[in-house]
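Student: Predicted model follows, preceded by the sequence.
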Amino acid sequence: PLSPASSLPQSFLLKCLEQVRKIQADGAELQERLCATHKLCHPQELVLLGHSLGLPQASLSSCSSQALQLTGCLNQLHGGLVLYQGLLQALAGISPELAPALDILQLDVTDLATNIWLQMEDLRMAPASLPTQGTVPTFTSAFQRRAGGVLVVSQLQSFLELAYRVLRYLAEP
Amino acid sequence: ECGYISLPAPIIRLGDPITVSCIINQNCTSLGPESQIRWKLDTELQPGGRQQHLPNGTLQSTITFPHFNYSRALLSCCLHWGNGLQILDQAELQAGYPPPPPYNLSCLLNLTTNSLKCQWEPGPDTHLSTHFTLKSFKSRGNFQTQEDSIPDCVPEDGQNHCSIPRKHLQLYQNMSIWVQAKNALGTSTSPKLCLVPMDMVKLEPPTLWALEPSPEVAPPQPGCLRLRWETWKPSLHIEQKCELRHQPQRGESSWDLVGALPSRSLQYELCGLLPSTAYTLQMRCTRWPLPGRWSDWSPRLELTTAQQ
């Protein structure tokens, strides 16, 4: 069955919600470890570094409840996930203790991006070609990778919070 | 070399006939007009070798086993020499069956290891070294067309299960999986299993606790119990439903079931029970409304209802 608020299958939306919850849990795990292992616990302490790294942000403007534009919203959801996929990839080599948690987070983000893309294709909503990951900052030191990790995951959590609300709205019976 | 055994094939089908030859070169010093070639199977002398001198001076003996029923045997070509036998060459002969198709293939997604563990039944013993490989590919709608390949999963020797690691999986996309069995006599494959890894998630049981009495809360009514539960931590992101079963510890009553419970409850009161009676309770959960497998029942919780 399709959910009334959209032409998206209910099972697709339930799966996306489940995946978002998983990614949020993965992100929280990584944040806890960054804090415990490297005492990097607060993104606010890394704002200056964030500016110098030039971390790109993902927009969900087409998903706002006032002017929800479904195709545009899905595109931005997918595009944002692809962006974070690239940012997480750039964190490779963050540290041996964090690598497993980072790998799982990256795999789950990739899975959700694929899930959305395949659904867009099935509904003929997908653009002609896959979006590219865009320019990704280069982390030049172990500290930058860890601090970058705190910032990237923090931004990802905010992105997911918004995404979750949108998906919940779309899934409403 | 003095002599050598010639085998049509080192491995044959159990019960099939096989004809083996042993050729002794004329430069073998022990060779004389009355030389007799004899065959041994492991340690047993075998009757019936047909011997002939060939135009090129070599001596050949051929023996046929109409139904070779040994899964593994050592064949020796010997020559009578003095009072005994001289072993001139040996050959190992194996017999068995081509692998039957593996069956009962099933898979479970393990949330702890994040891997998809599949197991299967190998079928009857082939008597031969048989290798199993778990093969799979990612697919779109109809499970037939291959999208992305997935590396073969090779189980450890003798094992009939294999785990596909998370990095090769897309948890929410269709997958076709099958098992290939291969030995020297042939190859077979199991029927294909079509699945979505996440739909194969098997949850660990939830944890049940008794609710400790507290001054702020009135004691439970007679015939009631208070408890709480929480699902398995790695599955907190999965929407689930649970069911609770209970039975008096004494007597032969069967289990009573309370269904469609939420996956987490900080305080639950179960009533309609016998007063001052010891009960055993267990709970299990499954992913819901999305597909999944029921967990096993939780460890037992034993509680006694309030008095009348």
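Tutor: Thanks, I have it.

Student: Please identify the helix or strand for A:Ala92.
Tutor: Taking DSSP states H and E as the criterion, A:Ala92 maps to no regular element, lying outside all helices and strands.

Student: show me what contacts it?
Tutor: A:99, A:102 (Cβ atoms under 8 Å, 6 or more residues apart in numbering or on different chains). (C-beta placed from N, C-alpha, C; glycine too.)

Student: Write out the residues of chain A neighbouring chain B.
Tutor: A:11, A:14-15, A:17-19, A:21-22, A:24-25, A:103-104, A:107-108, A:110-112, A:114-115, A:118 (Cβ under 8 Å from any Cβ of the partner chain).

Student: what's the closest non-adjacent residue to the residue in the stretch 1-150 of chain B that chain A sits nearest to?
Tutor: Nearest to chain A in the stretch 1-150 of chain B, going by Cβ to the nearest Cβ, is B:Asn114, at a distance of 6.5 Å. Nearest residue to B:Asn114 in three dimensions, chain neighbours excluded: B:Arg166, at 3.8 Å (Cβ to Cβ, 6 or more residues apart in numbering or on different chains).

Student: Wait, a strand at A:Leu107?
Tutor: No - per DSSP: H, G, I helix; E, B strand; the rest coil, A:Leu107 lies outside any strand segment and is helix.

Student: list the buried ones in stretch B:120-139?
Tutor: Along stretch B:120-139, these residues count as buried under the neighbour rule (16 or more other Cβ atoms under 10 Å in any protein chain shown): B:120, B:122-123, B:126-128, B:130, B:132-139.

Student: Just checking, which helix or strand of chain A averages the lowest pLDDT?
Tutor: Least confident helix or strand, chain A: helix A:47-53 with a mean of 90, by mean pLDDT, DSSP states H and E.

Student: Without its sequence neighbours, what residue ends up closest to residue 103?
Tutor: All of this refers to chain A. That would be B:Lys167: by Cβ to Cβ, 6+ apart, it lies 7.2 Å from A:Asp103.

Student: my bad, the chain I had in mind was chain B
Tutor: That would be B:Glu121: by Cβ to Cβ, 6+ apart, it lies 5.2 Å from B:Tyr103.

Student: Thought B:Val179 was touching that neighbour, still the case?
Tutor: No - contact criterion Cβ atoms under 8 Å: B:Glu121 and B:Val179 do not qualify, at 9.5 Å.

Student: So, low pLDDT: which residues of the chain?
Tutor: You didn't pick a chain, so chain A it is. A:1-6, A:133 (pLDDT under 70).

Student: hmm, I had chain B in mind actually
Tutor: B:29-33.

Student: and the top strand by length along chain B, which strands flank it?
Tutor: Identified as the longest strand of chain B according to DSSP state E is strand B:84-96. Neighbouring strands of strand B:84-96 in its sheet, by DSSP bridges, are strand B:11-13 (parallel), strand B:72-81 (antiparallel).

Student: Outside of the helix or strand following that strand itself, which residues are in contact with it?
Tutor: Using DSSP H and E, the next helix or strand after strand B:84-96 towards the C-terminus is strand B:103-110. With contact meaning Cβ under 8 Å, 6+ apart, strand B:103-110 is reached by B:115-121, B:123, B:163, B:171, B:177-179, B:190-191, B:193, B:195, B:197-198, B:200-202, B:293.

Student: Lovely, talk soon.
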